[in-house]
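> Fold the stuff below for me.
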Amino acid sequence: MRNDNVRVFFPVGMGGFSFERMDETTVVYDCGSSSEKVIKENILSLKNEFFGVEKPIIDHLFISHFDSDHCNGVEQLLASFDVNEIHLPYIKYKYRAVLNMMTDNGVTNLFNMFVQSG
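This is a model prediction of the structure:
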């Protein structure tokens with residue numbers, strides 16, 4: 001049983017990516033950056049520095065909103081970690097339809113990935 005608590009705000013430039021461990025519970029809040037290189041480095045750092053040889057499991061992943069600099073690293077995070085629960089912002093159906101029609105920047109694909117897998 002782990003009894004250490006840690007909170008890390010990864011340097012991402014524009015965007016958001018933070019990690020918390022409270023006893024045995026692990027939480028990631030957003031996973032994005034304006035730089036793809038920074039995302040890769042931060043996910044690798046998270047895995048190596050805070051999980052070591054343990055099986056990498058994140059208990060909760062919270063996405064605050066669907067701007068790419070807050071969620072464009074989620075697919076890579078999900079490829080590197082098992083995530084028990086993903087928490088998304090509420091979006092009414094009519095706004096999801098508008099979002100689908102108006103965007104072509106990966107946000108729609110990411111949102112659809114969550115909706116279709118759920």
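
> ok, and for the longest helix belonging to the chain, which residues are buried?
For the chain, the helix with the greatest residue count under DSSP state H is helix 36-50. Within helix 36-50, the residues that count as buried by 16 or more other Cβ atoms under 10 Å are 38-39, 42-43, 46. Just so you know, the C-beta spots here come from the backbone N, C-alpha and C atoms, and that holds for glycine as well.

> now stretch 67-77
67-74, 76-77.

> Export those residues as JSON lines, with columns for secondary structure.
What follows is those, written out as JSON lines (DSSP: H, G, I helix; E, B strand; the rest coil):
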{"residue": "Asp67", "secondary structure": "coil"}
{"residue": "Ser68", "secondary structure": "helix"}
{"residue": "Asp69", "secondary structure": "helix"}
{"residue": "His70", "secondary structure": "helix"}
{"residue": "Cys71", "secondary structure": "helix"}
{"residue": "Asn72", "secondary structure": "coil"}
{"residue": "Gly73", "secondary structure": "coil"}
{"residue": "Val74", "secondary structure": "helix"}
{"residue": "Gln76", "secondary structure": "helix"}
{"residue": "Leu77", "secondary structure": "helix"}
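
> Need the residues you listed in a markdown table (columns: distance to Met22).
What follows is those, written out as a markdown table (distance: Cβ to Cβ, whole Å):
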| residue | distance to Met22 |
| --- | --- |
| Asp67 | 27 |
| Ser68 | 28 |
| Asp69 | 26 |
| His70 | 22 |
| Cys71 | 23 |
| Asn72 | 26 |
| Gly73 | 22 |
| Val74 | 22 |
| Gln76 | 24 |
| Leu77 | 19 |
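
> which of the buried residues of helix 36-50 lies closest to Tyr95?
Distance to Tyr95, by Cβ to Cβ, is smallest for Ile39 among the buried residues of helix 36-50, at 26.5 Å.

> show me the contacts for that closest one.
The contact partners of Ile39, by Cβ atoms under 8 Å, 6 or more residues apart in numbering, come to 12, 17, 31-33, 72-73, 76.
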